[in-house]
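just to be clear, the model below is a prediction. Sequence and coordinates:
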Amino acid sequence: MTDVRLPLRALVPFAAGSVGMGIWVTVPGIFLLYFLTDVLGVPPSTAGLALLLPNVADIVTHPWVGRISDVGLAGSGHRRRLMLAGCVVILAFVALFAVPSDLHGTSAAIWVAVALVVGNLLYSLYQVSYLATPADLDIGYHERTRLMGYRSVVIIVSVLLAGVAAPVVAGDDPGVGDYTRMALLLGAVMLVAMLVGIHGVARLHRAAPGVPAEPGHRGGLLVALRDRQFRALTASYLTVAITMNLVLAAMPYFAEYELGRSSLTSVLIAAFMAPAVLTTPLWVLVARRLGKQRSLLVAQAAFVGGSLVLALGAGVGLPLLIAAVTVLGVAFAAMQLMPLSMVPDVIAAAGSNGSASAGSYTGVWTAAEATGGALGPYVYSACLAAGGFVASTAGEHTTQSSGALAAVRYGFTLLPAALMTIAIVLQRRYTLDEFAHMEAPRAAVQEKAAG
């Protein structure tokens with residue numbers, strides 16, 4: 001196990017690439033369902049399908065992109081060409097919100113779905129190769145956590161800024177044109193950040209070049225799928241991804257229909273993301289002491305507790321609800337950091353076959369992440385539909401039934417608590433971390449003694 005410490009001149013630009021990724025995940029994740037139901041007049045059930053079906057393809061395309069990325073690494077020594085092609089995702093990002101004025105209802109949903117299919121494919125070219133970087137480097141257990149700690153801080157900051165800035169740029173009671181203006185501005189930021197990220201990846205490879213796969217180790221998708229530890233980790237992360245994307249998609253509804261003010265969406269997002277930013281470095285330290293697995297389980301349990309407090313609703317007062325959202329944010333920081341830094345641990349434990357298949361591992365991982373991104377809003381939209389929620393267009397205000405209001409509240413609170421409980425059960429099946437955590441300091445001491 002190596003004792004290389006990555007320099008800041010490589011860590012910072014690498015982490016900066018997550019700004020673009022954060023915008024792509026956040027803005028559609030938080031606002032696209034609301035945009036469909038409350039601006040374009042798409043019924044909740046149709047809107048949910050428009051966001052779900054395009055992401056079904058990710059189950060196939062992401063592992064395929066991962067395999068292409070592995071082949072590119074073997075042939076050229078890097079994955080940056082695929083990342084550069086992925087930067088074109090900004091065009092699809094703008095198209096998501098630039099819906100022609102004569103499209104409403106189902107036709108508008110089809111437009112958004114097509115743009116989402118194209119965008120997801122382009123985004124995967126960048127994301128899969130980017131997230132394979134820690135496994136490509138010759139670094140150890142704790143350094144992987146440190147590397148992904150920088151990345152987690154930046155992506156959470158970008159999620160916070162995008163989540164707060166998007167509604168501000170769009171304005172009060174926005175229409176399609178306002179959302180298009182927002183997408184153009186944030187799309188430009190995405191492009192710059194993603195290009196900086198590519199530069200950061202190059203610097204990391206110069207600082208800690210990985211060991212090429214040995215002859216005869218071809219790797220591939222089957223290596224990832226046969227890995228029991230990876231399957232357990234991915235199953236839990238899929239459930240977490242569903243939960244977190246559900247919560248983000250539900251925030252605008254909770255703010256407007258439970259708290260009575262749509263402007264509180266930005267407050268909820270800030271209360272969720274700001275603590276996540278501040279506590280990520282602390283979670284890095286906690287992981288050094290407890291290990292990544294135990295830290296993750298603690299965070300998941302805290303998330304369940306915070307969700308149950310939120311289920312009490314507006315009657316308990318805004319300060320307590322904001323405090324509960326803050327707890328969710330602190331837990332979210334660990335649930336971003338720990339799993340992503342555990343994936344390269346799994347790959348390293350798989351030996352040469354794992355190293356040759358880092359892109360395939362990451363492709364399966366990002367497919368799970370994308371599936372969670374689709375299922376989260378869909379599950380919430382199904383909850384709204386079951387409660388009788390009525391869609392509306394921009395400028396139109398509809399009175400919702402008591403069943404719809406209950407669906408808004410409990411879909412945001414009790415449902416995530418139940419899902420996260422399932423994630424905890426699945427996460428406990430992962431057993432690699434205890435050994436890796438104990439071996440990391442021992443290996444470092446041995447290397448220093450040998451040096």
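Happy to help now that I have it. Just so it is clear, the model here is predicted, and its values are computed rather than measured. Numbers count the residues shown, from 1 in each chain.

what about residue 401, neighbour count?
Per other C-beta atoms under 10 Å, the neighbour tally for residue 401 reads 12. (Glycine included, C-beta is placed from N, CA and C.)

now residue 263: phi and psi?
For residue 263, the backbone dihedrals (degrees, to the nearest 10) come out as phi -70, psi -20.

residue contacts, it?
Residue 263 makes contacts with 172, 255, as judged by C-beta atoms under 8 Å, 6 or more residues apart in numbering.

tell me the buried residues in stretch 115-132?
Under the neighbour-count criterion of 16 or more other C-beta atoms under 10 Å, stretch 115-132 has 115-132 buried.

in helices, which of the residues you listed fall?
Of those, the ones assigned to helices by DSSP state H are 115-131.

is it true that residue 4 lies in a helix?
No: assessed with DSSP: H, G, I helix; E, B strand; the rest coil, residue 4 is coil; it does not lie in a helix.

spatially nearest residue to it (excluding sequence neighbours)?
Excluding the flanking residues, the one nearest residue 4 by C-beta to C-beta, 6 or more residues apart in numbering is residue 208, at 4.6 Å.

how many neighbours does the one you found have?
Neighbour count for residue 208, taken as other C-beta under 10 Å: 20.

surely it and residue 140 touch.
No: at 10.0 Å, residue 208 does not count as touching residue 140 under the criterion of C-beta atoms under 8 Å.

how far away is residue 168 from residue 269?
The gap separating residue 168 from residue 269 is 11 Å, by C-beta to C-beta, to the nearest Å.

before we move on, what about residue 7?
Remark: distance between residue 7 and residue 269 (C-beta to C-beta) = 33 Å.

next one: residue 209
39 Å.

and for residue 379?
Plainly put, residue 379 is 20 Å away from residue 269 if you go by C-beta to C-beta.

who's more crowded, these two?
Set residue 379 next to residue 269 and count neighbours by other C-beta under 10 Å: residue 269 wins out with 26 against 21.

where does that one land in three-state SS?
helix.

these two touch, right, residue 380 and residue 33?
Yes: counting by C-beta under 8 Å, residue 380 sits close enough to residue 33 to count as a contact (7.2 Å).

mind listing the shared neighbours of the two?
Taking C-beta under 8 Å, 6+ apart as the contact rule, residue 380 and residue 33 both touch 48, 249.

where exactly do the strands run in the stretch 151-300 of the chain?
All residues of the stretch 151-300 of the chain lie outside strands when identified by DSSP state E, counting those that start in this stretch.

mind giving me the packing neighbours of the helix or strand containing residue 143?
Using DSSP states H and E, residue 143 sits within helix 141-170. Helix 141-170 is packed against helix 8-38, helix 133-136, helix 176-207, helix 264-290, helix 318-349, helix 432-450, with contacts defined by 3 or more C-beta pairs under 8 Å, 6 or more residues apart in numbering; DSSP states H and E.

check which residues of it are buried.
Taking 16+ other C-beta under 10 Å as the criterion, helix 141-170 shows 141-167, 169-170 as buried.

and it, how far from the chain's centre?
In this view, helix 141-170 has its centroid 10 Å away from the chain centroid, taken as C-alpha atoms, centre = their mean, to the nearest Å.

what's the average pLDDT for that helix?
Across helix 141-170, the average pLDDT comes to 80.

got the angle for that helix vs helix 176-207?
Orientation check (axes from the mean of the first three to the mean of the last three C-alpha atoms, to 10 degrees): helix 141-170 against helix 176-207 gives 160 degrees.

pLDDT-wise, which helix or strand of this structure ranks last?
Every helix and strand of the chain was ranked by mean pLDDT, DSSP states H and E. The lowest is helix 432-450, at a mean of 51.

ok so, going back, next, the angle from the helix holding residue 143 to helix 8-38.
Computed by the same axes, to 10 degrees, the angle separating helix 141-170 from helix 8-38 equals 40 degrees.

show me the shaky parts of this protein.
Along the chain, segments meeting pLDDT under 70 span 1-3, 74, 210-222, 352-356, 393-397, 434-451.

surely residue 149 meets residue 277?
No: in this structure, residue 149 is not within contact of residue 277 by C-beta under 8 Å, at 11.4 Å.
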